[in-house]
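>>> can't give you the sequence, but here's the structure:
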């Protein structure tokens, strides 16, 4: 059970994390070499996992649901009607896209294609395609050697045979009738909707103009070897057509090409285009982190730590990715977007840790400062890391493999980045702390003077070489200047937010923001379009544009499969099947029955019309099947592919029918079509299934919205639980929930207005955004709720002073990390940039502007009842305690972090005055030949120790008015540290009284140290 603090606080997790990280900080400070060496070695070990990397570029696998309806329907169709590309290939009855090459040909002058000159160039194009040579396993072959066949004939484009009659068509002596016509010369049956696009027909059904012609070539792909051969031929096809188009050999036509491998190849090419931006991002992030970590004080400035923070984030990312590669998870190109994001997250943790370091008293020894720093900062970055990791891992519940793989890789990398920061980067901070303790320049490493001792130095020295503290006056104002940016948020931003008209403006702007988001949600498109998998300058974009313009009238040949042991001679069964077909044909998505293929309709009508001549019966099942085989199936024909007999050939156990989709204009229309057709089949009394190979992709339209909502709701609930555990305040969780909903609503709405659809790519980002939303809002809420100030205005000033700068730095680092994706020229990476930018931008505005205003207007004074705020100006008891503290604790002496007493690092009688540091009870070896004696040699010399022994102290007296036994230590709550980060309310500055130390403010009394002469008094 969680141990409670006051009221509604549940502090068990917070307290134990603070204790654990306090101990870790001391261990890192006393043994920094181990933490500097082991993480890089582990990173190098895990990075070898990239040798095991396996790429996955199959779009169907990545961007379609794992168990979508389309895949189930395909299994049903293939169970009864297995494909046979070598002898029984029929394009209308394929179950997979297979291996194919398509070209769409248009006239350069925009006129009709029914011209002899154009047909002559199309014949040349056909010749180039058929003679394109491919190589597989040492064998060279052409289209005729790998084509899909009906009987022994390759699939061919019979539309080219029109050149035999085209002169008559041009002079008007022959009319082409739409949709079907027999060629009077070659006796081919031309089904014009298959090849002609956007055909213009007059009232008599005569074709007037044809703006586009399509040619299709299919390669056999019904086993692995044929599929591999077909894939190689596709590459040769794309190269041959591309070279011909770019060479300018066509005078009258323009050609757009496409193949089944186009999606694979373009996706791979698309994702790899971002690789050159890695170096640019690294340089940008290093410059930003280095400059952000610099100060006017050249001793406390940490530019090198800014660089090492970036290195730590990169090492953590490589380790996480390598570990998952070792686990055998395939790598996908979308993962390449993750490092841009992860570097920003790592640098954000860097800023939090350095901010916590700067809040520790500079006169404390480094191990104590490290303990305090990690006790505060590690809890903070643990919250953000846990929320980010969980939000990514919740993406594993998605039905889309692309989402699952990306979330697994990225979530694991976030975890490794966190571990690297609390070990490797913490050790770097410790080394920097030792340099700061010796007053060494942060860049050159030379010992320099503080500002207060540099009056006699040159102006160049004072500008570039001063820093640190004056040991004779550690707290003089010249050496302890307030952070300008933090003061800006307190004195200017908070003052503006506390001004009534500004609050009203922010509320109005927030209402407009929500209104715009809601409007955007109503315009949200769903589904990942194929064109979004290609780069903007890809050859496939031209093909998609022409296909959308000319081939949306008759786009899909849809199969209807009825399975089960039915008696097809039964008139009732025939009526049920006919009723199903009629219902489907009467929808707005399906064209007239003239385009349908129904063996049952054709067979029954044929027998009924010729009953007097045939002298055959179909009244019994036996007679029906006998007559069917004799009349319709005696010679190979397409209908033979639509009937599945039982093993004994006495029953029909499945049959297939074909219908033609019409005027399907966009992705939303495709979703509606699939949904309505499936509904009709479900409501039928027959066991019916509708299927088209592209239905596997269309399933994303049906599932992307519910899957996104499910993952986002689950992530939001988990974030609330995590927030309650780590930031133990129930009302804070309410405001965090409000902020998460508001930010997520804004991201969804404005990404729709920014041209981003709801698909598997944006779904990744929406799930990820839940974790980021918590990062920006949780601490602001808790800072406000935990403040001991009386007035809301003062609470606003306190929380913005402590958190305004870290939020701004974190937002800038993340946006800079993903900024280069904007120029990648890819929808995938552009979507990442847009969604990450929106969540970071909205999250930062919520944290810095909106939440302080809302909390000041509607938030309670505090989460739960507590004592009145400590105000030295009018609290007599507090004045007495402050005076006692000042008398007992000499100015140059500092108490150890109270956690030390409770964690066993110090005993109650052992304290750490400046210059009299305790020899740590841990192992003396610091690693790499260093020792505790070497590490503490400076403090030993300052405290007047002998070279061979350790000075012993007697127990000092207890502070006046204190109990004989010190109270049990309660670790600092996160915001207790924030509220004592150097901020003094105006009233306290006015009366000239400073707040008491936090341990006195909470009623904790510790014995003072005996007088100790610091070593700087020595001559």
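Cool, the structure landed. All values reported here derive from a predicted model rather than from experimental measurement. Residues are numbered from 1 along each chain as shown.
>>> and the residue nearest to residue 851 when sequence neighbours are not counted, what pLDDT?
Nearest non-adjacent residue to residue 851, counting by CB to CB, 6 or more residues apart in numbering: residue 780, 5.1 Å away. From N, CA and C alone the C-beta is placed, and that goes for glycine too. If you check residue 780, the pLDDT there is 82.
>>> in the strand or helix carrying residue 780, what counts as buried?
Using DSSP states H and E, residue 780 sits within helix 760-786. For helix 760-786, burial by neighbour count (16 or more other CB atoms under 10 Å) applies to 760-786.
>>> ok, back up a step: residues in contact with the residue nearest to residue 851?
Taking CB atoms under 8 Å, 6 or more residues apart in numbering, we find residue 780 in contact with 799, 803, 807, 847, 848, 851, 852.
>>> is it fair to say residue 559 lies in a strand?
Yes: membership of residue 559 in a strand is supported by DSSP: H, G, I helix; E, B strand; the rest coil.
>>> Check the offset of the helix holding residue 780 from the chain's centre.
Mean-position distance between helix 760-786 and its chain equals 13 Å (CA atoms, centre = their mean, to the nearest Å).
>>> Following element in sequence after it, please.
Next in sequence after helix 760-786, counting helices and strands by DSSP H and E, comes helix 792-819.
>>> What average pLDDT does that following helix get?
86.
>>> what's the angle between the helix or strand following it and helix 792-819?
Elements were assigned by DSSP H and E; along the chain past helix 792-819, the next helix or strand is helix 827-845. Helix 827-845 and helix 792-819 are oriented at 170 degrees to each other (axes from the mean of the first three to the mean of the last three CA atoms, to 10 degrees).
>>> on contacts alone, who are the packing partners of helix 827-845?
Using 3 or more CB pairs under 8 Å, 6 or more residues apart in numbering; DSSP states H and E, the elements in contact with helix 827-845 are helix 338-358, helix 730-753, helix 760-786, helix 792-819.
>>> Tabulate those helices (a markdown table), appending distance to residue 205.
Listed next are these as a markdown table, based on distance: least, CB to CB, whole Å:
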| stretch | distance to residue 205 |
| --- | --- |
| helix 338-358 | 57 |
| helix 730-753 | 43 |
| helix 760-786 | 44 |
| helix 792-819 | 56 |
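>>> Which one, of those helices, ends up nearest to residue 93?
Closest of these to residue 93 is helix 760-786, at 29.3 Å (criterion: CB to CB).
>>> ok, residue 548 - how many residues close by?
14 (other CB atoms under 10 Å).
>>> Start at 18, not 1
Sure, I'll start counting at 18 from here, so that last one is residue 565.
>>> doesn't it fall inside a helix?
Yes: using three-state DSSP, the assignment for residue 565 is a helix.
>>> any idea how far it lies from residue 547?
Noted for residue 565: a distance of 10 Å to residue 547, by CB to CB, to the nearest Å.
>>> what does residue 711 give?
9 Å.
>>> do residue 235 as well
Between residue 235 and residue 547 the distance, using CB to CB, works out to 19 Å.
>>> Looking at those two, which has the bigger crowd around it?
residue 235 (24 against 19).
>>> how about that one, secondary structure?
Classified using three-state DSSP, residue 235 is strand.
>>> so it touches residue 166, yeah?
No: Residue 235 is beyond contact range of residue 166, at 9.2 Å (criterion: CB atoms under 8 Å).
>>> Name the residues contacting each of the two.
102, 106, 172.
>>> among those, which are in strands?
Per DSSP state E, strands hold no members of the shared contacts of residue 235 and residue 166.
>>> Please list only the buried members of those.
102, 106, 172.
>>> could the residues you listed go into a markdown table alongside distance to residue 584 and pLDDT?
Formatted as a markdown table, those follow (distance: CB to CB, whole Å; pLDDT from 0 to 100):
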| residue | distance to residue 584 | pLDDT |
| --- | --- | --- |
| 102 | 33 | 90 |
| 106 | 31 | 92 |
| 172 | 36 | 88 |
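>>> Could I get the residues you listed in a markdown table, plus columns for distance to residue 354?
Formatted as a markdown table, these follow (distance: CB to CB, whole Å):
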| residue | distance to residue 354 |
| --- | --- |
| 102 | 37 |
| 106 | 40 |
| 172 | 40 |
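>>> Relative to residue 424, which of those residues is nearest.
Once CB to CB is applied, the member of these that ends up nearest residue 424 is residue 102, at 37.1 Å.
>>> on that earlier part again, quick one, which of the helices and strands packed on helix 844-862 gets closest to residue 243.
When the helices and strands packed on helix 844-862 are compared by CB to CB, helix 777-803 sits nearest residue 243, at 30.1 Å.
>>> relative to helix 809-836, how tilted is the closest one?
160 degrees.
>>> Now for residue 872, how many residues are close by?
Residue 872 has 23 neighbours, counted by other CB under 10 Å.
>>> quick one: secondary structure of it?
Following three-state DSSP, residue 872 is assigned to helix.
>>> For the residue lying closest to it once chain neighbours are set aside, give me its contacts.
Once flanking residues are discounted, residue 872 sits nearest to residue 801: 4.6 Å by CB to CB, 6+ apart. Listed by CB under 8 Å, 6+ apart, the contact set of residue 801 reads 812, 813, 815, 816, 868, 869, 872, 873, 876.
>>> wait, which of those residues is closest to residue 291?
residue 868 (34.5 Å).
>>> Please, which helix or strand holds that closest one?
Counting by DSSP H and E, residue 868 is found in helix 868-875.
>>> who's in contact with that helix?
Contact with helix 868-875 is made by 511, 514-515, 520, 523-524, 752, 756, 794, 797-798, 801-802, 809-810, 812-813, 816-817, as judged by CB under 8 Å, 6+ apart.
>>> How about stretch 563-575?
Stretch 563-575 is contacted from outside by 108-109, 121, 123, 210-211, 214-215, 228-229, 231, 273, 275, 607-608, 612, 675-682, 694, 707-709, 711, using CB under 8 Å, 6+ apart.
>>> filter those to the buried ones?
Counted by 16+ other CB under 10 Å, the contacts of stretch 563-575 give 121, 123, 210-211, 214, 228-229, 231, 273, 275, 607-608, 612, 675-679, 681, 694, 707-709, 711 as buried.
>>> Okay then, goodbye and thanks.
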